[in-house]
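Chemist: Coordinates for the following, if possible.
(one chain, ligands or ions: 1)
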Amino acid sequence: MPRTSRPIGLSTLALHGGVEPPPASGKGGDIPIVTPIYQSVNFVQEFGTAEGLRYPRYGTGINAEVVQRRLALLEGAEAGLVLGSGMGATACALLALLRPGDHLLASAWIYGGTHQLLTQEFAAVGIDVTLVDPTETRGWRKRLRRETRAIFLESPVNPTCRVVDLRPASLLTQESGLALVVDSTFASPINFRPLEHGADVVIHSTTKFLNGHHDALGGAVLGTASYIEEVRQKMMVWGQAPDPFACWLLERGLKTIDVRVRRHNENAMRIATWAEGRKEIRRVHYPGLASHPDYKVAEAQLEGFGGMLAIELAGGGKAADRMLRRLKVWQHAPSLGGVDSLVSEPRYTSHTHLSPEERSRAGIPDGFLRLSVGIEDVDDLVADLEQAVR
Ligand SMILES: Cc1ncc(COP(=O)(O)O)c(C=O)c1O
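Modeler: Next comes the predicted model:
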């Protein structure tokens, strides 16, 4: 890392942050530019001390430690931890804050897997969760209880691309000593750094924009050093640590995050603008459009509007089936945030357990397509959508 008195830019941190200086004995010619993969479960331990014990399940593998430091720098956090998946990150992050009998206030607008974790798994261990409409004025405050320990929200929201204003929740958590936990997966630290807006904890599914290449599952939690130590204890005993190779792939992906996310942002804006003018498309959900209900919040809070958008086809489910069969560049796949453009239909992924009426009430009617805009030539992406939507 360059030594300088001025703040280091995000793209420099993404490339070099967290790399410890090589041992003094290392000669210039022996120092690799790329962190080697330490595909080893065991490391020789010093006699007579527990200090420096390395074991990947403990989060102390060398590849894990490099990305942990780098992600902490990118989010402006004291410390970070990488885990085996985004779900592992959310579960351990919240289990480190909550005990049986505690209460969690959570936004009702959350990823389907997180919804299941909070409403089914947490209920089974005696943690009570209240889901709140995050746009309701004073909604968080009204539902606060003596047992409430934390507020959890996701922004931008999967799959509706709504943007949640952090201010009401962060005012309340600061006033009452609660923790504000934000899943910032859709944004990445290039577009949004929640700790700068009053959050205490940031969660990522690194499977998405942070890795960015659809080739490694992972999750991350960022916060204070003492809190991250609590999360690490949960990760160790619940067995949620990542493999060294997944950490290495995450480090490699992170190197290009700044240029990738800027391109995702640009391409998505172009596609959203194109989609707004099409008669076959009833609604476009993209926070960078002035027509979006959260445009003002997005403009104030985000540094980029993101690579995710959604469209609602006027022809409903049948039109979606036809369009998906015709697409050639876009691929039909459930995940998001990588360099290749993907399209998915919540009625066959996260919201398959709901009836068409329930989906419609949740703002995801049949004919709703979520687009994860990649970094291909945007003219090719638009042309493919255009020939498929007709
Ligand atoms: C916003 C959000 N959080 C968490 C997750 C879970 O991440 P993972 O699939 O890496 O467990 C996802 C997955 O789609 C997501 O979209």
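Chemist: which ones are touching the residue of the stretch 151-300 of the chain found nearest the ligand?
Modeler: The ligand sits closest to Ser205 of the stretch 151-300 of the chain, with a gap of 3.0 Å, by Cβ to the nearest ligand atom. Backbone N, C-alpha and C define where each C-beta goes, glycine included. Taking Cβ atoms under 8 Å, 6 or more residues apart in numbering as the criterion, Ser205 is in contact with Ser85, Gly86, Met87, Ala89, Asp183, Thr185, Gly218, Gly219, Gly337.
Chemist: mind checking how far it is from Arg359?
Modeler: 23 Å (Cβ to Cβ, to the nearest Å).
Chemist: and what of Asp102?
Modeler: 32 Å.
Chemist: Up against the ligand, what does the chain have?
Modeler: Contact residues (Cβ under 6 Å from any ligand atom) of the chain with the ligand: 85-87, 111, 113-114, 154, 158, 183, 185-186, 205, 207, 217, 219.
Chemist: Regarding Asp380, what is its secondary structure?
Modeler: helix (DSSP: H, G, I helix; E, B strand; the rest coil).
Chemist: Find the nearest non-adjacent residue to it, please.
Modeler: Val329 (5.6 Å; Cβ to Cβ, 6 or more residues apart in numbering).
Chemist: Let's verify the one you found: helix, strand, or coil?
Modeler: coil.
Chemist: Can you give me the neighbour number for the residue in the chain positioned nearest to the ligand?
Modeler: Using Cβ to the nearest ligand atom, Gly86 is the residue of the chain that sits closest to the ligand, at 2.3 Å. Residues lying near Gly86 (other Cβ atoms under 10 Å) number 24.
Chemist: Next up, the contacts around Ala333.
Modeler: Leu342, Val343, Ser344.
Chemist: isn't the first one right next to Val329, touching?
Modeler: No - in terms of Cβ atoms under 8 Å, Leu342 does not count as a neighbour of Val329; the distance is 10.6 Å.
Chemist: Run the chain-centre distance for the helix or strand hosting Gly253.
Modeler: For Gly253, the host element (DSSP states H and E) is helix 244-254. Chain-centre distance of helix 244-254: 16 Å, with Cα atoms, centre = their mean, to the nearest Å.
Chemist: Stretch 49-65 now?
Modeler: For stretch 49-65, the distance to the chain centre is 25 Å (Cα atoms, centre = their mean).
Chemist: what does that stretch rub up against?
Modeler: Under Cβ under 8 Å, 6+ apart, the answer for stretch 49-65 is 18, 35, 37-38, 41-43, 45-46, 68, 81-82, 232, 235-236, 239, 241-245, 247-248, 251.
Chemist: If anything else comes up later, I'll come back, but that's it for now.
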